[in-house]
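J.: give me coordinates for this.
(3 chains)
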Amino acid sequence: MIEQQTITIQTQGRSTIDITGEIEQPLRISSIEQGLCHVFLHHTSASLIITENADSNVRRDLENYIARLVLDGDPAYLHDQEGADDMAAHIRAVLTQSEITIPIQHGRLALGSWQGLFLWEHRYHAHRRNLTVTLTGGPA
Amino acid sequence: MIEQQTITIQTQGRSTIDITGEIEQPLRISSIEQGLCHVFLHHTSASLIITENADSNVRRDLENYIARLVLDGDPAYLHDQEGADDMAAHIRAVLTQSEITIPIQHGRLALGSWQGLFLWEHRYHAHRRNLTVTLTGGPA
Amino acid sequence: MIEQQTITIQTQGRSTIDITGEIEQPLRISSIEQGLCHVFLHHTSASLIITENADSNVRRDLENYIARLVLDGDPAYLHDQEGADDMAAHIRAVLTQSEITIPIQHGRLALGSWQGLFLWEHRYHAHRRNLTVTLTGGPA
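T.: All right, here's what the predicted structure looks like:
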């Protein structure tokens, strides 16, 4: 059994957004109880990560860390016409992920207690980001 | 055909552990000959990598490299109550992976000759780490 | 339905190669219209990334960035007998990916408009790189 759905997430500019709930939505109306949930982001200046969902300082630290690791507006960048954040956004995306697969158990995402799935907007400005969620599996 | 199994790995604190054999265990008792093996780690302060399984200096170098890239106890971290290694562990996990999919061919993991699947414990202390292995596919 | 095929890509030494067309080849002769395409690289000194396919300066900047992030011939490396680029290649591979899954829609890879799938050769010299493409899914 395979089910596919497109989801759009509105970001508010550079930051991480917990999208676990949005990704679980197609699962709620599906009859798949055991299987895999694949999440794919159709953009190269945002990315997906799994990280701690409890203390929001974890995501603040991730943001601060990556901002030091990947400089905005580095004069070395050749690809610089779309703003200081654009090439940095592509690098951040390559160092994290465009797609993540999570197991489905008992009709739910089988994440660890402290795991959340986050969309990381790397551009300064708000964007509409498209994702495709593919569910595969069957009854338990 | 889909089969799912939970595996627990006992780590000995910060280091990489070759878990290729443990992940192949469910495959040995499965009738899936051709397909995919998805490995998911239910934690945010450890991660999964595929790297060279021959010279163990490769993993020593990886450890030394990432220790310089992601500082333990960086005074900039806001999330610092669980020890100097905790926020560093979350960053290391985000820069590597929480989940990896490997093809199954002839009933075995179709890894390259020099590839091994490793669990990377990023915390100083030993932990019990839970993984879910999902096999999909069928006879050859 | 599951189909598996091995593909070999000849690289020209350190650089990124757009392999989107090569990966779509097995899809063209497949009857899978909706599903997932999993691409696995059987090597630990090259990797896979999804990034912008329009301005080739993006890949030049990625190359320059990672060359500064991961030093070739760092005297700290213990694994140094296969050349200055070898351990650096393993680190670059671990910081990017060995495997990527892309949704299939209407019998095609459902990439975003600006997304391409690239093989990143991290060694100085040309290599033959083996990939396994696994298609799962069914008619739309």
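J.: tell me the SS of the residue most central in space within chain A?
T.: Closest to where the C-alpha atoms of chain A average out (C-alpha atoms, centre = their mean) is A:Leu48, at 2.4 Å. Three-state assignment for A:Leu48 (DSSP: H, G, I helix; E, B strand; the rest coil): strand.
J.: quick one: contacts for the closest residue to A:Ala84 other than its chain neighbours?
T.: Nearest residue to A:Ala84 in three dimensions, chain neighbours excluded: A:Gly73, at 3.2 Å (C-beta to C-beta, 6 or more residues apart in numbering or on different chains). Heads up, the C-betas are built off the backbone N, CA and C, glycines and all. Contact analysis of A:Gly73 by C-beta atoms under 8 Å, 6 or more residues apart in numbering or on different chains lists A:Asp80, A:Ala84, A:Asp85, A:Ala88.
J.: likewise A:Arg129?
T.: Contacts of A:Arg129 by C-beta under 8 Å, 6+ apart are A:Thr8, A:Ile9, A:Gln10, A:Thr11, A:Leu41, A:His42, A:His43, A:Ala46, A:Leu119, A:Glu121.
J.: so the fifth one touches A:Glu99, yeah?
T.: Yes. Under the criterion of C-beta atoms under 8 Å, A:Leu41 makes contact with A:Glu99 at 6.8 Å.
J.: neighbour count for these two, which is higher?
T.: Legend: neighbour count by other C-beta atoms under 10 Å in any protein chain shown for A:Leu41 and A:Glu99, higher for A:Leu41 (24 against 21).
J.: which residues does the more buried one bridge with?
T.: For A:Leu41, the beta-bridge partners are A:Leu131 (DSSP bridges).
J.: for it, give its distance to A:Ile29.
T.: Distance, A:Leu41 to A:Ile29, by C-beta to C-beta, to the nearest Å: 22 Å.
J.: again with A:Asp85
T.: In terms of C-beta to C-beta, A:Asp85 sits 37 Å off from A:Ile29.
J.: when these two are compared, which one has more neighbours?
T.: Neighbour count, other C-beta under 10 Å: between A:Asp85 and A:Ile29, A:Asp85 has more, with 18 against 8.
J.: contact partners for the more buried one?
T.: A:Asp85 is in contact with A:Arg14, A:Asp72, A:Gly73, A:His122, A:Arg123, A:Tyr124, counting by C-beta under 8 Å, 6+ apart.
J.: top of the residues you listed by neighbour count?
T.: A:His122 (28 neighbours).
J.: where does the prediction get shaky in chain A?
T.: For chain A, applying pLDDT under 70 flags no range at all.
J.: what parts of chain A come near chain C?
T.: Taking C-beta under 8 Å from any C-beta of the partner chain as the contact definition, chain A meets chain C at A:2, A:4, A:38, A:40-44, A:69-70, A:76-79, A:87, A:90-91, A:93-95, A:97-99, A:101, A:130, A:132, A:134, A:136.
J.: going through those, which ones are buried?
T.: A:2, A:4, A:38, A:40-44, A:69-70, A:77, A:79, A:87, A:90-91, A:93-95, A:97-99, A:101, A:132, A:134, A:136 (16 or more other C-beta atoms under 10 Å in any protein chain shown).
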